[in-house]
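1. With the sequence up front, the predicted model follows.
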Amino acid sequence: MAGKAPLADTASSTPTTQASNHGHATSRFWPLALGSVGVVFGDIGTSPLYAFRDALEEAARDGLVRPEIMGVLSLALWALILVVTVKYVLFLMRASNKGEGGVLSLMALAQQGAKGRTGVIFALGAIGAALFYGDGVITPAISVLSAVEGLKSVRGFAGWFDTQEVIVTSLVILTALFAFQAKGTAKVAGIFGPIMVCWFLCLGALGVWHIKDDPSVLGAISPTYAIYFLAHHGMTGFLVMGAVFLTVTGAEALTADMGHFGRGPIQMSWFTLALPMLALNYFGQAALASQALTAAEAAGTPLPNADWFFQLAPHQWRLALVLFSGVATVIASQAVITGAFSLTQQAIQLGLLPRMDIKITSTTEAGQIYVAPINWLLFVGVVLVVLSFRSSSALSHAYGISVTGTMVVTTLLAYIVVRHVWNWSLWASLALIVPLFALDLTFFVANLLKVLTGGWAPLALGAGLCLLMSIFVSATERLRTKLNKDGLPFADFREMIARRPAAATPGTAVYLTSDPETTPPALMHSLKHFKVLHERNVLLKVVNETTPYVPDDQRIETKTLDDRFSLVTVRYGYMESPNIPQALAACRKHGLKFDIMSTSFFVSRRTIVPSVAPDALPAWKRKLFTFLTRNAADPTTFFHLPPGRVVELGAQVSL
C-alpha cells in the first residue's frame, strides 16, 4: 500500500453512521430503495428457482416424509433470518467503511484498526475477493440454467426440450449478456428495480396461492422442526444444510452495494419486500410438495422430486413464469457482473491486482463501469461451467462453497473491526462474533462435503486467484524495494544538480513516483540522455488510501523542495479512479499553476529480466509477474494523462 489513511471513529466503542460526499438525501430514500431491489436482491431473489428443490432432493435420498419437508422449510427460513437478517442486515451493514461495504471495504477498514496491512488481513481480503469472483462465474450460470430448465415443465416443450437444448439456449442468453456489458447498463438499469419488485410480488403471490391448500406449513417458522431434522438425519442433515444455504446466496451483495444505495433503503427493501416474499414462496413450495406427497402416499407410489417453483404456477401461466424468471435471472447476473467490476476497481486501488483499463459507461449512474479483461474472463468461466455441469442441480454442488467461504472471511474481518476499530472489549467482541462464525463455519463444512461432486471448481478458481494476487503483491513489493535500494537518494541528486547545474529548458516536467525519497528513474534517464532539466520539475506521488473516498480538501498536498523541484502528493480512495490532469488543475488553490500544453509527463516502463542473485525470484513467479505487468493498463490511460504530453523511458530491472 502506498499510503495509509488516518484512523476514523476509532475512539468510539460503537459503530457510527458516517456521512460522506456520496451520501444519500432523505428525498431520495424511496427511489434508492426501489433501485436496491433491482441490484442488491437480484441474486437472492432468484434462489427460489432451485434452492428448495435441491435441498428437498438431498433430504429424499431414502424416500420423503412430511417431517423432512417441514425440516427443510424451517432450515431455509432460519437461514434467511440468521444469516441474512441478523448477520448482514442488522450487523455487517453497520460495519461500513464510510458508507462502503463488501469484503475489500471491510479489509481496508480492518487495516486501519490494525495500523496498516498485516499478512493475515491481506490474506483474508485476497481469499474473500477470489471467492467473490467464483460467485461471479457460478451465479450467471446457475441462474440462467435454472430459468431455462423451467421450459421442461411447460406443456408442448417437455417432449423435445432436453438438456442439450437447455445448454444451447442458456449459452445464447449468457453470450448476449456479456457482449452487452461494454455498452453499459445505465439506460436500462432504471427499470431493473420495478421489474424485480414485480418479481418479488410474483414470488409472494405464488406462495400464498398454495399456502391456503396446506396452512399447516406455516408452523415451520418454529426452529424445532429444523433442530429435529438435524438431530435425526446425521450426515444427510449436513448435506441438506449445504443445499439449504442456496437460499441465502447473494447476501454479500447487501453490503457490497451499500455505497450506491445506503444502509436505510436496503434495510427497508429487505424487511418490507424481499424477506416476506421469499418466505411466502418457500412456504408455498413446501405446501405444494406436501400436497403432492399426500397424493403419492394415497396412490402407494414414491414422490419424485420436481421443479417445485415452476409447479406453483398453473399450466396456462407457466410459460409466462418461465419467461419472467429468465428476465429476473438476467438482472441478477447483471448485478453480479457489475459487482465484479466494482471489486476489481477496489482491488486495483488497494494494490491486489495490476492496473486495468476501467471504462466509465455512465456519467450519471454511480458504479456504471466496464472492465474488459474481467468481463471476458468471467464469460469464459461461465461457458466452461455450463458445459461441464450441464444442469442447475449439478451446478448447485459448486455454488455454496464460494459463498460460504466469503462469509467466513467477512466474519473474521468483522472481528478485527469490532475489536480494534470500534474498540469493544475482548469478551463483547467474542460474544458477538463467535455465534456468527460458528454458523458460517457449519454451512462451510456442510458445503465442503460437495468437493468431489463439483465443489472443487470454486476452490480451484479461488486458490488460483489467491496465488496470483499474492505473487503480484510480493513481487511488486520486491521490485519497489530493489528500486529504492539501487536508486539514488533524491537529496543526493539535488546536491549533485546544485554543484553541476544542468541546462534549463522551458516548461514543466512531471515525474510519477511511488517514493519521493528516491530519484525517479525517468528523471535520471532524462538527464542522462537529454542533458537538460525543465525550468520546473514536479515529483508526483499517487497515494491509494484505505478509505473509499478522499474529500476534495484532503486530496492535494504540495511541498516546495527548492527553486526547481516541487513534490505533489495526490490521494485517492479505493472507489475512485485517478485523474492526474484534474488533480493538477486543483493545485492552483495551493499556489501551483499548470499549463497542460507546456507540461510533459515522464513515466518509467520497466522490463523484468532474470537476476543471478541467490535470492532471485523463482523463474515461474518472475514470468507470471512479467506477464501481469506487461498486460497491465498503460499509465497514460489509467491516470488519464494527455497522450501527446507523455514521455516513456524504459529500463531493465532484474528480479
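-> That came in fine, so what should we check first? Numbers count the residues shown, from 1 in each chain.
2. Where is the longest helix in this protein?
-> Once the chain is assigned using DSSP state H, the helix that runs over the most residues is helix 315-349.
3. And the average pLDDT for it is what?
-> Across helix 315-349, pLDDT averages out at 88.
4. That one: which residues count as buried?
-> 318-319, 321-322, 324-326, 328-349 (16 or more other C-beta atoms under 10 Å). Glycine gets a C-beta too; all of them are placed from N, C-alpha and C.
5. do the same with stretch 273-290
-> Per 16+ other C-beta under 10 Å, stretch 273-290 contains these buried residues: 273-275, 277-290.
6. ok, now stretch 295-308?
-> Neighbour-count burial for stretch 295-308, counted by 16+ other C-beta under 10 Å, picks out 303, 305-308.
7. could those go into a markdown table alongside pLDDT, distance to F389 and secondary structure?
-> Conversion of these to a markdown table gives the following (pLDDT from 0 to 100; distance: C-beta to C-beta, whole Å; DSSP: H, G, I helix; E, B strand; the rest coil):
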| residue | pLDDT | distance to F389 | secondary structure |
| --- | --- | --- | --- |
| L303 | 80 | 25 | coil |
| N305 | 79 | 18 | coil |
| A306 | 82 | 20 | coil |
| D307 | 86 | 17 | coil |
| W308 | 90 | 21 | helix |
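8. which of those residues lies closest to A114?
-> Taking C-beta to C-beta as the measure, A114 sits nearest to W308 out of the buried residues of stretch 295-308, at 46.8 Å.
9. Now the closest one. Nearest residue, chain neighbours left out?
-> Across the structure, with C-beta to C-beta, 6 or more residues apart in numbering as the measure, the residue nearest W308 apart from its sequence neighbours is Q285 (4.3 Å).
10. Give me the distance between A463 and I331.
-> 30 Å (C-beta to C-beta, to the nearest Å).
11. any idea how far E557 is from D563?
-> Distance, E557 to D563, using C-beta to C-beta: 20 Å.
12. Please apply the same query to K593.
-> Per C-beta to C-beta, K593 is found 16 Å from D563.
13. Contacts only, for V37.
-> 193, 196-197, 200, 269, 273-274 (C-beta atoms under 8 Å, 6 or more residues apart in numbering).
14. Go ahead and name everything in contact with stretch 636-649.
-> The set of residues that contact stretch 636-649 without belonging to it, under C-beta under 8 Å, 6+ apart, is 355-358, 512, 521-522, 525-526, 529, 542, 577-582, 596-597, 599-605, 635.
15. mind listing what I142 touches?
-> If you count contacts by C-beta under 8 Å, 6+ apart, I142 has them with 50, 392, 395-396, 399.
16. where do the strands sit along this structure?
-> 359-360, 369-370, 503-512, 532-544, 556-560, 565-572, 599-609, 646-654 (DSSP state E).
17. H525 touches R605, doesn't it?
-> No. No contact is recorded between H525 and R605 when judged using C-beta atoms under 8 Å, the distance being 10.6 Å.
18. Leaving out the residues flanking it, which one is nearest to D162?
-> When the adjacent residues along the chain are set aside, D162 lies closest to K152, with 7.9 Å between them (C-beta to C-beta, 6+ apart).
19. Return the residues in contact with that neighbour.
-> Applying C-beta under 8 Å, 6+ apart, the residues contacting K152 are 158, 161-162, 166, 307.
20. ok, now with 10 Å
-> With contact set as C-beta atoms under 10 Å, 6 or more residues apart in numbering, K152 has these partners: 158-159, 161-163, 165-166, 307, 310, 322.
21. which residues touch L280?
-> 200, 203-211, 218.
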